[in-house]
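Engineer: kindly generate the corresponding structure for this input.
(one chain, ligands or ions: 1)
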Amino acid sequence: MKIARYLAHGQISYGAVEGDSVKELSASPFEDFTITDHTHKLSEVKLLAPCEPTKVLAIGLNYSSHLHDRPAPTEPMVFYKTPTSVIGPGETIIRPKDTEKLDAEAELVIVIKDRCHKLTKANAMQHVLGYTCGNDVSARDWQRDDRNWWRAKSADTFTPAGPYIETELDPHNIRVTGRINGKEVQSESTTYLIFDVPTILEYVTEYVTLEAGDMIYTGTPGEPQEMKDGDVCEIEIEGIGVLSNPIKLET
Ligand code: MG
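Structural biologist: The predicted model follows:
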């Protein structure tokens with residue numbers, strides 16, 4: 001099932017996407033719900049970020065194609081992104097005027113189903129609601145020069161997510177593609193993740209409790225490219241859809 005979160009007639013709802021329509025859910029997808037007959041055309045609703053995380057985690061250096069001369073990590077390299085930096089499909093990524101290089105990072109994103117802690121690889125997948133597309137927007141000069149990544153990865157608008165949560169996806173061999181102005185700049189299968197989804201969940205929840213709607217960005221492949229004023233960035237993941245965001249320079 002593809003689950004959208006959307007605004008229609010001033011009300012925010014979750015719905016099941018079927019073709020060009022969305023059918024409202026009776027409750028959030030993190031509770032018991034049914035699919036109602038209350039239907040909208042997708043073209044008549046505003047899609048929002050597909051969930052409201054209490055926290056966003058991300059994994060760095062998780063594809064060998066992204067390592068270059070850096071050694072492969074021996075355990076997942078985890079960092080945080082702020083929930084306030086999350087934006088939805090179609091929303092504008094603001095490029096701060098004082099960063100020298102703002103890159104797009106196409107990533108598969110795990111959406112957590114319920115509160116969980118101390119998971120094992122064997123039971124971890126029971127706590128995944130589904131997957132969405134994410135852009136781990138990265139200000140490279142700040143990432144390089146600041147003592148930590150507080151603004152390099154979490155300035156406002158730096159965490160686009162969407163358009164849907166796909167609940168019936170096997171995440172282990174799907175293609176993750178990044179495009180800027182229609183030109184493909186990243187494309188790789190998740191089969192090349194250094195740490196796969198169950199391994200990430202076991203590692204993170206050893207230390208940190210995850211909550212319903214929390215998101216984990218799983219890392220980016222290849223060579224991320226820069227996003228400039230007026231560009232449009234698309235992240236496409238096989239089986240989920242396309243997350244598209246325009247870029248504007250801060251004024
Ligand atoms: Mg990343």
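
Engineer: okay, the closest residue to the ion within the stretch 101-250 of the chain: pLDDT?
Structural biologist: When scored by CB to the ion, the stretch 101-250 of the chain has Asp136 as its residue closest to the ion, at 3.4 Å. C-beta: built from backbone N, CA, C; applies to glycine. Asp136 is assigned a predicted lDDT (pLDDT) of 98.

Engineer: what do you get for the one 3 residues further on?
Structural biologist: Predicted confidence (pLDDT) for Ala139: 98.

Engineer: the one 10 residues further on now?
Structural biologist: What the model reports as pLDDT for Trp149 is 97.

Engineer: that one and Met77 touch, don't they?
Structural biologist: No: with contact defined as CB atoms under 8 Å, Trp149 does not count as touching Met77 (11.3 Å).

Engineer: of those two, who's got more company?
Structural biologist: Remark: of Trp149 and Met77, Trp149 carries more neighbours, 17 against 14, as counted by other CB atoms under 10 Å.

Engineer: what kind of secondary structure is that one in?
Structural biologist: Under DSSP: H, G, I helix; E, B strand; the rest coil, the three-state class of Trp149 is coil.

Engineer: for it, phi and psi?
Structural biologist: Dihedral pair for Trp149: phi -100, psi 30, per degrees, to the nearest 10.

Engineer: give the contact list for it.
Structural biologist: 79, 142-143 (CB atoms under 8 Å, 6 or more residues apart in numbering).

Engineer: again, only using 6 Å
Structural biologist: Counting by CB atoms under 6 Å, 6 or more residues apart in numbering, Trp149 makes contact with 79, 143.

Engineer: cool, and Thr190?
Structural biologist: Thr190 neighbours (CB under 6 Å, 6+ apart): 108, 171, 174.

Engineer: most neighbours among the residues you listed, which one?
Structural biologist: Result: Leu108 is most packed of the contacts of Thr190 (other CB under 10 Å), 27 neighbours.

Engineer: and the spatially closest residue to it that is not a sequence neighbour, how many neighbours?
Structural biologist: Distances taken as CB to CB, 6 or more residues apart in numbering place Thr218 nearest to Leu108, at 4.8 Å, with adjacent residues excluded. Neighbour count for Thr218, taken as other CB under 10 Å: 25.

Engineer: isn't Thr218 up against Ala106?
Structural biologist: No: using CB atoms under 6 Å, Thr218 makes no contact with Ala106, being 10.6 Å away.
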